[in-house]
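Q: here is my input; please provide its structure:
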Amino acid sequence: MFPSINLEKIFTLLKYDPNDPLIFSTSLFLFLFLGFLLLYNLLGKNKAARIFLLIFFSLYFYYKAAGLYFLILVVSAVANFYAGKWIAGTDRFPIKRLFLALALILNLTLLGYFKYTNFILQIISDISKHNIDPLSIFLPIGISFYTFKSLNYVFDIYYDTLKPTGSLHDFCLYVFFFPNILLGPIDRAADFLPQIEREPFISKENIGRALFLIMLGLIKKVVIADYIGLNFVDRIFDFPLRFTGVENLLALYGYVLQIYCDFSGYSDMAIGIALLLGFKLMDNFNYPFKATSIADFWRRWHISLSKWLLDYLFKPIQISSRNLKIFGNVLALVVTFFVCGLWHGAGWNFILWGVFHGVLMSISLFFKKPKEKLYKLLRIHNTRFLRFFQIVITFHLVALSFLIFRAKDFQNVIDMLDQIYQFFHAEVFLQFAEKLPLILGLLVLGYLFHFLPAKLGVWIQKIITSMPLPVKVLLLVVVIWITAQFKSADIQPFIYFQF
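A: Residues are numbered from 1 along each chain as shown. Next up is the predicted model:
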């Protein structure tokens, strides 16, 4: 007798559940993706069927993450496709600008309504001293990411750096593409659309790199980010006054590592999954804690967003305010990072975090030449000592900014800093190491691997590439088993889902 199949249970598992989104680190995604990948490869050279399958699976993937709000994604894609077509279809500059303005209004209205309505109502409530109840608005996951992807397409057409695609389904695939629909990278249409036309070629090297990135992403997300977040970081940030300065400082270091491993872990998996489908997405992180300045940090952290803001916000403001010279750059920096903070979330902590980075970068503009003269005078210019000193200072400025980013309110920031400076108690570190050796071990391991030479990752990729396929599969199974040992009963969504 064959075991009976509970179709109702399967249907319940496959339909949208707001408490159980479909994310890369779940067993359901692994099961669905393996079936999808098998069918995708069976289609071979049938481009139309392959694109249809990709679009269908991507829409289903987004439906499992956002429910019926996938319709907003469809509306956004169709509207931006035609906006690009209309902008390219006229030589009259005022008409072009009108179509661009309409596209901006549509995209920013959708993003603004879902993401910022209650924040604005709260500001009005605080100013007017009248209580205004927040509206029941669901924030569709990934709306910030796919909105910026669509705007990138429209802007490039407007600036005549990209010809619009004549295929609606190709553009929809660009917007819907499931590996980066929720958390990026915010890939460029100019890089992605030509790849649709090419027959996917998945080399042995691409398979090795893809498996390396997927395994690395799983370890970053589940083993490091989720474990230290649930079992240590959250407890300290929720009640900082209950713990010593040592524990608060370690929690701050822990959160910096957590948010990096959480977000870069997703990017690693997204890039790896895309490679298995024959698509190359842009890198989104490049060892950001090795940065020697805040500007260098933003060249290494969330690279796709940094480049988007640089090309479509910073440079236009800089050009329009070039008569102000260095103050024009300062204006461009502060406005850009204000928007960067606001993009991350509807809250004063995110805005303050963004402005903090903008101010730090602005200050560095004024002190750039005096610093270089001082370094040359002290004969430490371009030395390892100077680089080490710059990395340490930059890292702690970044850590301070993430304290603002993570804290529930400004009092929380003051409490943690006060504990660190007034109630440090260095002797507690030994007790911490004795009672929470796994947490300490993961913190050390996470930072150690980050600061090891980048060549190590390339070397590991080459080893994985040279392995026979059965050994590759076995290695992936082992990594999945290891992550399962660290996994909590509740699914931990990626931190950037809220942005």
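Q: domains in the protein, by residue range?
A: Following automatic domain parsing, one finds the domains of the chain at 17-197, 204-498.
Q: state which helix of the protein is the longest.
A: helix 93-128 (DSSP state H).
Q: packing partners of the helix or strand just after that one?
A: Toward the C-terminus, helix 93-128 is succeeded by helix 143-158 as the next helix or strand (DSSP states H and E). If you count contacts as 3 or more Cβ pairs under 8 Å, 6 or more residues apart in numbering; DSSP states H and E, helix 143-158 packs onto helix 70-88, helix 93-128, helix 168-176, helix 189-197, helix 303-309. For glycine as for every other residue, the C-beta is placed from the backbone atoms N, C-alpha and C.
Q: give me that answer again for 7 Å
A: helix 70-88, helix 93-128, helix 168-176, helix 189-197 (3 or more Cβ pairs under 7 Å, 6 or more residues apart in numbering; DSSP states H and E).
Q: what are the buried residues along the longest one?
A: This means helix 93-128. Going by neighbour count (16 or more other Cβ atoms under 10 Å), the buried part of helix 93-128 is 96, 99-100, 103, 106-107, 110-111, 114-116, 118-119.
Q: thinking again about what came up before, turn the domains of the chain into TSV, including mean pLDDT and distance to Leu7.
A: Listed next are those as TSV, based on pLDDT from 0 to 100; distance: least, Cβ to Cβ, whole Å:
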stretch	mean pLDDT	distance to Leu7
domain 17-197	91	16
domain 204-498	90	24
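Q: picking that back up, determine which two of the buried residues of helix 93-128 are furthest apart.
A: Lys96 and Asn118 (34.8 Å; Cβ to Cβ).
Q: may I have stretch 239-249 exported as PDB, CA atoms only?
A: Provided in PDB are the C-alpha atoms of stretch 239-249 (Å, rounded to 0.1, in the frame of the first residue of the first chain):
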ATOM      1  CA  PHE A 239      18.000  45.600  28.400                       C
ATOM      2  CA  PRO A 240      21.400  47.300  28.300                       C
ATOM      3  CA  LEU A 241      21.400  48.500  31.900                       C
ATOM      4  CA  ARG A 242      21.200  44.900  33.100                       C
ATOM      5  CA  PHE A 243      24.600  44.200  31.700                       C
ATOM      6  CA  THR A 244      28.200  45.500  32.100                       C
ATOM      7  CA  GLY A 245      30.000  47.600  29.700                       C
ATOM      8  CA  VAL A 246      32.000  44.600  28.400                       C
ATOM      9  CA  GLU A 247      28.800  42.800  27.500                       C
ATOM     10  CA  ASN A 248      27.300  45.900  25.900                       C
ATOM     11  CA  LEU A 249      30.500  46.400  23.800                       C
END
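Q: chain center to it: distance?
A: On the basis of Cα atoms, centre = their mean, to the nearest Å, stretch 239-249 sits 28 Å off its chain's mean C-alpha point.
Q: what does that stretch rub up against?
A: With Cβ atoms under 7 Å, 6 or more residues apart in numbering as the test, stretch 239-249 has contacts from 236, 412, 415-416, 419-421, 423-426, 428-429, 432.
Q: rerun at 10 Å
A: 232, 235-237, 250-252, 254, 399, 403, 407, 411-432, 436 (Cβ atoms under 10 Å, 6 or more residues apart in numbering).
Q: buried ones in that stretch?
A: The neighbour-count check on stretch 239-249 (16+ other Cβ under 10 Å) flags 240, 243-249 as buried.
Q: coming back round to it: dump the buried residues of helix 93-128 to CSV, plus distance to Asp20.
A: Shown next, in CSV, are the buried residues of helix 93-128 (distance: Cβ to Cβ, whole Å):
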residue, distance to Asp20
Lys96, 45
Phe99, 40
Leu100, 40
Ala103, 34
Leu106, 31
Asn107, 29
Leu110, 25
Leu111, 25
Phe114, 21
Lys115, 23
Tyr116, 27
Asn118, 25
Phe119, 27
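Q: which of these sits closest to Phe356?
A: Nearest to Phe356 out of the buried residues of helix 93-128 is Phe119 (Cβ to Cβ; 18.8 Å).
Q: which ones are touching the closest one?
A: 112, 134, 342, 345-348, 350-351.
Q: what of Lys408?
A: 237-238, 347, 349.
Q: which SS class is it?
A: Here Lys408 is recorded as coil under DSSP: H, G, I helix; E, B strand; the rest coil.
Q: tell me how far Gly44 lies from Glu199.
A: If you measure Gly44 against Glu199 using Cβ to Cβ, to the nearest Å, the figure is 9 Å.
Q: spit out the residues that contact these two alike.
A: Arg50.
Q: mind giving me the ChimeraX select for the contacts of stretch 239-249, buried ones only?
A: Buried members of those, defined by 16+ other Cβ under 10 Å, are picked up in ChimeraX with:
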select :232,236,237,250,251,252,254,399,403,407,412,413,415,416,417,419,420,424,428,429,432,436
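Q: circling back to that earlier point, and the furthest pair within the buried residues of stretch 239-249?
A: Farthest-apart pair in these is Pro240 and Val246; separation 12.1 Å (Cβ to Cβ).
Q: taking the contacts of stretch 239-249 one by one, which sit in helices?
A: With DSSP H as the criterion, helices contain 235-237, 250-252, 254, 399, 403, 411-422, 428-432 from among those.
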